[in-house]
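Trainee: just to be clear, the model below is a prediction. Sequence and coordinates:
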Amino acid sequence: MAGSFYTVACPDCENEQIVFGKAASEVACAVCGHTLAVPTGGKAQIEGEVVETVEAR
Ligand SMILES: [Zn+2]
């Protein structure tokens, strides 16, 4: 769904981070710098494991 947030687990260091589902810029892991989301013009492509989907309120 548009506007959702995702909790994404980094495949390298297992840090869990909130990523906006429509991120307009690349999102990197705050701990190790691994790319977690890549903007595609619409929905971001999530590069890690989605642990949880958090609906926008
Ligand atoms: Zn990481």
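Mentor: Arrived safely, thanks for sending. Nothing here was measured: the structure is a model prediction, and the numbers come from that model.

Trainee: C-alpha from now on. contacts and neighbour counts both.
Mentor: Will do.

Trainee: residue 50 bridge partners, please.
Mentor: Taking DSSP bridges as the rule, residue 50 bridges to residue 8.

Trainee: residue ranges with poor pLDDT in this structure?
Mentor: Residue ranges of the chain with pLDDT under 70: 1-3, 56-57.

Trainee: now the strands for it?
Mentor: With strands called from DSSP state E, the chain shows them at 5-9, 16-20, 27-28, 35-38, 45-46, 49-54.

Trainee: make a markdown table out of those strands and add mean neighbour count.
Mentor: Formatted as a markdown table, those follow (neighbours: other Cα atoms under 10 Å):
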| stretch | mean neighbour count |
| --- | --- |
| strand 5-9 | 20 |
| strand 16-20 | 20 |
| strand 27-28 | 19 |
| strand 35-38 | 20 |
| strand 45-46 | 18 |
| strand 49-54 | 15 |
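
Trainee: as CSV, these with distance to the ion would be great.
Mentor: Formatted as CSV, the strands of the chain follow (distance: least, Cα to the ion, whole Å):
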stretch, distance to the ion
strand 5-9, 8
strand 16-20, 8
strand 27-28, 8
strand 35-38, 8
strand 45-46, 14
strand 49-54, 12
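
Trainee: measure residue 6 to residue 20 for me?
Mentor: 6 Å (Cα to Cα, to the nearest Å).

Trainee: again, but for residue 51
Mentor: Taking Cα to Cα as the measure, residue 51 and residue 20 are separated by 13 Å.

Trainee: now for those two: what residues contact both?
Mentor: Common contacts of residue 51 and residue 20 (Cα atoms under 8 Å, 6 or more residues apart in numbering): residue 6.

Trainee: quick one, what contacts residue 9?
Mentor: Residue 9 sits in contact with 15-17, 48-51, where contact means Cα under 8 Å, 6+ apart.

Trainee: ok, now with 10 Å
Mentor: With contact taken as Cα atoms under 10 Å, 6 or more residues apart in numbering, residue 9 is in contact with 15-18, 29, 36, 47-52.

Trainee: taking those residues together, which two end up most distant?
Mentor: Spatial extent of these (Cα to Cα) is set by the pair 29 and 52 at 16.4 Å.
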